[in-house]
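Novice: quick one, what's the 3D model for this:
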Amino acid sequence: MSSVKKLASKMLEEKEFFAPGHRACGGCGEVIGLRLAFKEIGGNAIVVNATGCSEIIASQYPYTSWNIPWIHALFENTAAVASGIEAGLKIMEKKGISHSKGAKVVAVAGDGATSDIGLQALSGALERGHDFVYICLDNEAYMNTGIQRSSATPYGATTTTSPVGGKQKIGQVTWKKDMPSIAVAHNIPYVATACPSYPVDLVAKIKKAIEVKGPAYIHMFTACPTGWGCPSNMAVKLGRLAVQTGVFPLYEVENGAYTVNVKPAKLKPVAEYLKIQKRFRHLGDEEIKYIEQRLAEEYQKLLEKSEASAS
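Specialist: Presented below is the predicted three-dimensional model:
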């Protein structure tokens, strides 16, 4: 057994808190991430789940894949509901009302429910300092309702609402909203990016998030073979390529200090990531070069922040 496997086996619970039997598409990156995350979070938690893929595939009445307390919230109010539950638990403890002491409140939402519809509620919850973990499952579009673009959809990607055709030859014309930086700007104790393609890194970050006092934000990159137009066995490979090309760097920010967790010796060509997805198949060499240059610049800025934090 490799050292990585030994470490993972020590870190993970055998019990499944997000169980099989859900209705996710084959190869869904979200369910890989959720399964790993909740093996670390454990059973003493309350999940607040926004409308979206993760809610629809795992909670169609009378069935559920959740083996812990769970509540459905709307697109726009997931962080507000989590805030209310966290405040309620504090009041119960203060009044001596029996409940599961130390229970962690965990909000789960997609990129649309986080960076678009629910941003106001999330910002308020972070500003107030509620002790909860917020996990954004980022598959870069509104996949559950028909693959519409969100503010997390990357530049150049085609969706049903950013199609290619006629004079529009790019697809998505804006760059992906930087949600981790928005969370950092709230001066919360812990912010991290994660990807199930790097499971040990993901679990370690979830552990930090649940142990910290105050808000913690995890932005998890979750490949969607159905929406991205690639084979169902590509989710893990796409996640690794996203990190290795600089599309989705893995880093954490602890009380304002940056650390880049996975540093490729040299970034791979971004074409290796783009060209295996139908949503980017319309891009020519010039557009790909432009994307690669922009990503390299952003990655360099991140490295500089990490170096400045270490000095």
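Novice: use CA for all of it now, contacts and neighbours both
Specialist: Will do.
Novice: using the three-state scheme, assign the residue most central in space within the chain.
Specialist: Centroid check for the chain by C-alpha atoms, centre = their mean gives residue 220 as the closest residue, at 2.1 Å. Reducing the assignment to helix, strand or coil with DSSP: H, G, I helix; E, B strand; the rest coil, the entry for residue 220 is strand.
Novice: beta partners of it?
Specialist: Counting by DSSP bridges, residue 220 forms beta bridges with residue 137, residue 194.
Novice: I'd say it and residue 195 touch.
Specialist: Yes. Here residue 220 lies in contact with residue 195, judged by C-alpha atoms under 8 Å, at a distance of 5.3 Å.
Novice: between the two, which contacts overlap?
Specialist: residue 33 (C-alpha atoms under 8 Å, 6 or more residues apart in numbering).
Novice: show me where this structure has strands.
Specialist: Assigned strands in the chain, in chain order: 45-49, 70-72, 104-110, 133-138, 190-194, 216-221, 251-254, 257-260 (criterion: DSSP state E).
Novice: which one of those lies nearest to residue 173?
Specialist: The closest approach between residue 173 and any of these, judged by C-alpha to C-alpha, belongs to strand 133-138 at 18.7 Å.
Novice: need the CA coordinates for the closest one. PDB is fine.
Specialist: This file holds the C-alpha atoms of strand 133-138, laid out as PDB (Å, rounded to 0.1, in the frame of the first residue of the first chain):
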ATOM      1  CA  VAL A 133     -18.800  25.300   6.700                       C
ATOM      2  CA  TYR A 134     -20.000  26.400   3.300                       C
ATOM      3  CA  ILE A 135     -19.100  24.000   0.400                       C
ATOM      4  CA  CYS A 136     -19.600  25.300  -3.200                       C
ATOM      5  CA  LEU A 137     -19.800  22.400  -5.700                       C
ATOM      6  CA  ASP A 138     -18.600  24.100  -8.800                       C
END
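Novice: use 7 as the first number from now on
Specialist: Got it, first residue is 7 now, which makes that one strand 139-144.
Novice: which other helices and strands contact it?
Specialist: Under the contact definition 3 or more C-alpha pairs under 8 Å, 6 or more residues apart in numbering; DSSP states H and E, strand 139-144 sits against strand 110-116, helix 117, strand 222-227.
Novice: which stretches in the chain count as helices?
Specialist: Shown for the chain, the helices assigned by DSSP state H span residues 9-17, 35-47, 59-64, 84-100, 117, 125-134, 185-190, 205-217, 231-234, 241-250, 277-280, 291-316.
Novice: tell me the mean pLDDT over stretch 91-100?
Specialist: Mean pLDDT, computed over stretch 91-100, is 94.
Novice: okay, it in PDB with CA atoms only?
Specialist: Extracted in PDB, the C-alpha atoms of stretch 91-100 (Å, rounded to 0.1, in the frame of the first residue of the first chain):
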ATOM      1  CA  ILE A  91     -29.600  26.700  12.400                       C
ATOM      2  CA  GLU A  92     -26.200  27.600  13.800                       C
ATOM      3  CA  ALA A  93     -27.700  30.400  15.900                       C
ATOM      4  CA  GLY A  94     -30.500  28.100  17.100                       C
ATOM      5  CA  LEU A  95     -28.000  25.500  18.300                       C
ATOM      6  CA  LYS A  96     -26.100  28.200  20.200                       C
ATOM      7  CA  ILE A  97     -29.300  29.300  21.900                       C
ATOM      8  CA  MET A  98     -30.300  25.700  22.800                       C
ATOM      9  CA  GLU A  99     -26.900  25.100  24.400                       C
ATOM     10  CA  LYS A 100     -27.200  28.400  26.300                       C
END
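Novice: distance between the ends of stretch 94-113?
Specialist: 15 Å (C-alpha to C-alpha, to the nearest Å).
Novice: same check, this time on stretch 174-192
Specialist: Where stretch 174-192 begins and where it ends lie 37 Å apart, using C-alpha to C-alpha.
Novice: what is the mean pLDDT for it?
Specialist: Summarised as a single mean, pLDDT over stretch 174-192 is 96.
Novice: pull out the buried residues from that stretch.
Specialist: In terms of neighbour count (16 or more other C-alpha atoms under 10 Å), stretch 174-192 has its buried residues at 176-178, 183, 185-186, 189-190, 192.
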